[in-house]
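Undergrad: Dropping a prediction and its sequence here:
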Number of protein chains: 2
Amino acid sequence: MARVISLLGKGGVGKSTLTLAMAQAEARRGKRVLVLSLETVSTIGLLLDARLEGEPTEVEPHLWAVHFSTTALMERNWNRLRTAEEEYSRIPLFREVYGQELGALPGLDQFLAMSALRDYDLSGKYDYLFFDGVAGQEQLRMFAVPDQLSWYTRRLGEAFQKSAIGQVLSPFLEPIARAILTVNISTENVRSTTGRFTDILDEGKSVMQNPNRLLLFLVSTADPLALTVARQLWGASQLLGLGVGGALIRGEADGKEAFAPLPVRTIPEASLTDLIGCVEGLAGLDPVGFPKPFVVDEQARTVRIFLPGFGKKQVELNQYGPELTLRAADHRRNFILPASFRGLRASGAKFQDNYLIVSFG
Amino acid sequence: MARVISLLGKGGVGKSTLTLAMAQAEARRGKRVLVLSLETVSTIGLLLDARLEGEPTEVEPHLWAVHFSTTALMERNWNRLRTAEEEYSRIPLFREVYGQELGALPGLDQFLAMSALRDYDLSGKYDYLFFDGVAGQEQLRMFAVPDQLSWYTRRLGEAFQKSAIGQVLSPFLEPIARAILTVNISTENVRSTTGRFTDILDEGKSVMQNPNRLLLFLVSTADPLALTVARQLWGASQLLGLGVGGALIRGEADGKEAFAPLPVRTIPEASLTDLIGCVEGLAGLDPVGFPKPFVVDEQARTVRIFLPGFGKKQVELNQYGPELTLRAADHRRNFILPASFRGLRASGAKFQDNYLIVSFG
């Protein structure tokens, strides 16, 4: 089991450089580290002065680096899909198109990177996976995929099976879903594909929402704009249940109080080699005592959600039956209320010490 | 008809600030300008010190600004979908879920922003739409959607209609597609939905690939990393058929030759107000004489593709029947070869003056 580390912050604050420094710090302690880069041009590759390929390359002892290629990952998955479809369908649809022709559409980068991250984790070859993504928002969308998809599956799954469209589609979706999930059909026939899909999402959720498995760090300079972005990315991470381990402030910054109660480390402007000393120990941080994103007080009939970076006007609340929907910074998440809240309606909400406190009555 | 302007470059080079300066320059000339921002935290909003909403707000004479909210756009589209489905299906699927509950998945931001851009264009209210996106790669994926989707439609469309899955799905897809395309069903029954969809994609393609309608600018500092990123984004734009109008280099930069033959403008580090003078006239640039992305020489049996920023090792070529597939920087595009090339195979490829020259024989 690897721990995934990823840095969030405004563009240009130095996320890629710090990601590499953190990765090198761990590799030099003897940990097996893979740095994954998902950018048009791999900053990591340029910093290492290495041409990164779609397969991990060892760039120094214990340190591997890989540049996600969405087009290459599409090819591999498409060929899997074609094979699966040909086995099941008399008039295959996907045979007409080759994987080498496929262009990428928005979102595919994140879905495929998520699935590749899972494969690297399952390989057992690495202690740390450092993910250098594209932009804060897209990175959060990506890490939230298991949570969001499992919500859609739960809410739409049953309705889908009952619906007219679901009934005609099921015979086709089964083999395709199996191909996408790389389920070995002969050995897996005990569990239904839907069940298997739900398992994978639950497993993904339990990884993404466990700070021992995914740990995010905020990066900022002293620039008020960069601080605001970092704080809101922090809030959005909390909303999505993703653990934030600390803040790294570049330069002679003085923004420590903006990130309380997180551990804050000031990072000087320095060469990559010197930075390694500045980030030592961060990746291995013990996340005990971090603020929980969602705390229910059954006695007081309140729900407390840790949402730093936001004010009341920036948050939207909705309640449908047993679910509470929260929206902030264009991210939305559904929380299931405990059984004891049945029949109660959200009656008030206020912000206090970075917590949104929702009262029910 | 509005012209869409968007800036590309490495994070932190100042894209949002320059976007706003260019927008203000046009507004002060009396043009009707809308700035659209698609970031977790709207830098544009912070620079304007305005709280931007999901609907355009006039922030100064002739200048409007809007912050795309993916969650809000999802709500609107979902409600449309539910209404359409209820009309057509006895056992509706989407009724079970409310638009206000929907979480966002990767890619939705770009698809919805594309559709919103189209609506703002069709409204006829604006001369310029300045789009401030998230990161270079995602922005290019977004602008390439009409081209990529129309390729998928063309290559898979016929196969889909013939396939077993296509035959059972068609009765369901028709009303849903109509809802998504906001086609007025009663007046539009002459054209099939598929035909209408193809029309919309073709129209989108003709907008995105016409530099009079979409014009991109590269932004860089003198930092070699930022220059490399900008050059590769330039090449990727060319590959995707998106017009690049010039390069803006921040600071006392000396990288003009990196962007030849583009017009290059040096932009000093200055306040927003002072920057307006530095970017004047850029948005209205006449793109006559720009390098064409794809030039066929039927006599010499060659195809010349303008791909600055790339070398031979970074480009992958494939040929399937009448189509030539080109991949660079994780973007891929399919070009249809002219009829006179029928039966010929790509026999060689070399780079010369930023052009990839492919010979056929």
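TA: Thanks, I have it.

Undergrad: Who does the residue nearest to residue A:341 when sequence neighbours are not counted form a beta bridge with?
TA: Distances taken as CB to CB, 6 or more residues apart in numbering or on different chains put residue A:360 closest to residue A:341, at 5.7 Å, once the chain neighbours are dropped. (C-beta placed from N, C-alpha, C; glycine too.) Beta-bridge pairing of residue A:360 under DSSP bridges involves residue A:346.

Undergrad: Measure how buried residue A:360 is and give me the count.
TA: Residues within reach of residue A:360, counting by other CB atoms under 10 Å in any protein chain shown, total 20.

Undergrad: show me the contacts for it.
TA: Applying CB atoms under 8 Å, 6 or more residues apart in numbering or on different chains, one finds that residue A:360 lies in contact with A:301, A:302, A:303, A:337, A:341, A:344, A:345, A:346, A:347.

Undergrad: Just give the number of residues close to residue A:281.
TA: Residue A:281: 11 neighbours (other CB under 10 Å).

Undergrad: mind checking how far the closest residue to it other than its chain neighbours is from residue B:161?
TA: Leaving out its chain neighbours, the residue that sits closest to residue A:281 by CB to CB, 6+ apart is residue A:25, at 7.7 Å. To residue B:161, residue A:25 is 56 Å away according to CB to CB, to the nearest Å.

Undergrad: Pick out whichever of the two has more residues nearby.
TA: Using other CB under 10 Å as the criterion, residue A:25 and residue B:161 rank with residue A:25 on top: 21 against 13.

Undergrad: dump the residue contacts of the more buried one.
TA: Counted by CB under 8 Å, 6+ apart, residue A:25 has contacts A:276, A:277, A:279, A:280, A:281, A:282, A:283.

Undergrad: Now the helix or strand it falls within - C-alpha only, CSV.
TA: Assessed by DSSP states H and E, residue A:25 sits inside helix A:15-28. What follows is helix A:15-28, C-alpha atoms only, in CSV (Å, rounded to 0.1, in the frame of the first residue of the first chain):
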residue,chain,number,x,y,z
LYS,A,15,4.3,22.9,-6.8
SER,A,16,6.3,20.7,-9.2
THR,A,17,9.7,21.7,-7.8
LEU,A,18,8.5,21.0,-4.2
THR,A,19,6.8,17.7,-5.3
LEU,A,20,10.2,16.6,-6.7
ALA,A,21,12.1,17.8,-3.6
MET,A,22,9.7,15.8,-1.3
ALA,A,23,10.0,12.8,-3.5
GLN,A,24,13.8,13.0,-3.5
ALA,A,25,13.8,13.4,0.3
GLU,A,26,11.9,10.1,0.7
ALA,A,27,13.9,8.3,-1.9
ARG,A,28,17.1,9.2,-0.1
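
Undergrad: list the buried ones in that helix?
TA: Within helix A:15-28, the residues that count as buried by 16 or more other CB atoms under 10 Å in any protein chain shown are A:15-27.

Undergrad: same check, this time on stretch A:64-79
TA: Neighbour-count burial for stretch A:64-79, with 16+ other CB under 10 Å as criterion, is recorded at A:64-75, A:77-78.

Undergrad: ok, and what's touching it?
TA: Stretch A:64-79 is contacted from outside by A:32-38, A:42, A:44-45, A:48, A:50, A:52-59, A:94, A:97-100, A:102-104, A:108-109, A:112-113, A:115-116, A:126, A:180, B:327, B:330-332, using CB under 8 Å, 6+ apart.

Undergrad: chain center to it, what's the gap?
TA: Here the centre of stretch A:64-79 is set off from its chain's centre by 18 Å, with CA atoms, centre = their mean, to the nearest Å.

Undergrad: try stretch A:80-90
TA: That offset, for stretch A:80-90, works out to 31 Å (CA atoms, centre = their mean).

Undergrad: So in that sheet, which strands flank the helix or strand just after the helix holding residue A:25, and in what orientation?
TA: Using DSSP H and E, the next helix or strand after helix A:15-28 towards the C-terminus is strand A:33-37. If you go by DSSP bridges, strand A:33-37 pairs up with strand A:63-67 (parallel), strand A:128-132 (parallel).

Undergrad: Can you lay out those as JSON lines showing mean pLDDT and distance to residue A:322?
TA: Converted to JSON lines, the strands paired with strand A:33-37 look like this (pLDDT from 0 to 100; distance: least, CB to CB, whole Å):
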{"stretch": "strand A:63-67", "mean pLDDT": "95", "distance to residue A:322": "42"}
{"stretch": "strand A:128-132", "mean pLDDT": "96", "distance to residue A:322": "34"}
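
Undergrad: As TSV, these with distance to residue A:293 would be great.
TA: Shown next, in TSV, are these (distance: least, CB to CB, whole Å):
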stretch	distance to residue A:293
strand A:63-67	31
strand A:128-132	20
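
Undergrad: Among those, which comes closest to residue A:140?
TA: strand A:128-132 (12.1 Å; CB to CB).

Undergrad: Now tell me what touches that closest one from outside.
TA: With contact meaning CB under 8 Å, 6+ apart, strand A:128-132 is reached by A:2-7, A:15-16, A:19-20, A:22-23, A:26, A:31-39, A:43-44, A:113, A:117, A:120-121, A:139, A:283.

Undergrad: Would you mind giving the orientation angle of it with respect to helix A:15-28?
TA: Counting by axes from the mean of the first three to the mean of the last three CA atoms, to 10 degrees, strand A:128-132 lies at 170 degrees to helix A:15-28.

Undergrad: Would you tell me what the next helix or strand after strand A:128-132 is?
TA: Taking DSSP H and E, what comes next after strand A:128-132 is helix A:136-143.

Undergrad: what does the following helix or strand past that next one rub up against?
TA: As assigned by DSSP H and E, the chain's next helix or strand after helix A:136-143 is helix A:145-162. With CB under 8 Å, 6+ apart as the test, helix A:145-162 has contacts from A:110-111, A:114, A:166-167, A:170, A:194, A:197-198, A:201-205, A:207-209, A:240-241, A:333-334, B:91, B:93-97, B:101, B:103-106.

Undergrad: rerun that using 7 Å as the cut-off
TA: The contact list for helix A:145-162, computed with CB atoms under 7 Å, 6 or more residues apart in numbering or on different chains, reads A:111, A:114, A:166, A:194, A:197-198, A:201-202, A:204-205, A:208, A:240-241, A:333-334, B:91, B:93, B:96-97, B:103, B:105-106.

Undergrad: List the buried residues for it?
TA: Applying 16+ other CB under 10 Å to helix A:145-162 flags A:145-153, A:155-157, A:159-160 as buried.

Undergrad: and if you look at stretch A:217-225?
TA: So stretch A:217-225, judged by 16+ other CB under 10 Å, has buried residues A:217, A:218, A:219, A:220, A:221, A:223, A:225.

Undergrad: Show me which helix or strand of chain A is least confident by mean pLDDT.
TA: helix A:164-180 (a mean of 67; mean pLDDT, DSSP states H and E).

Undergrad: Which is the succeeding secondary structure element to it?
TA: helix A:193-208.

Undergrad: Run a quick neighbour tally on residue A:272.
TA: Neighbours of residue A:272 under the rule other CB under 10 Å: 13.

Undergrad: May I ask you to confirm that it is in contact with residue A:47?
TA: Yes. Counting by CB atoms under 7 Å, residue A:272 does reach residue A:47; the two are 6.5 Å apart.
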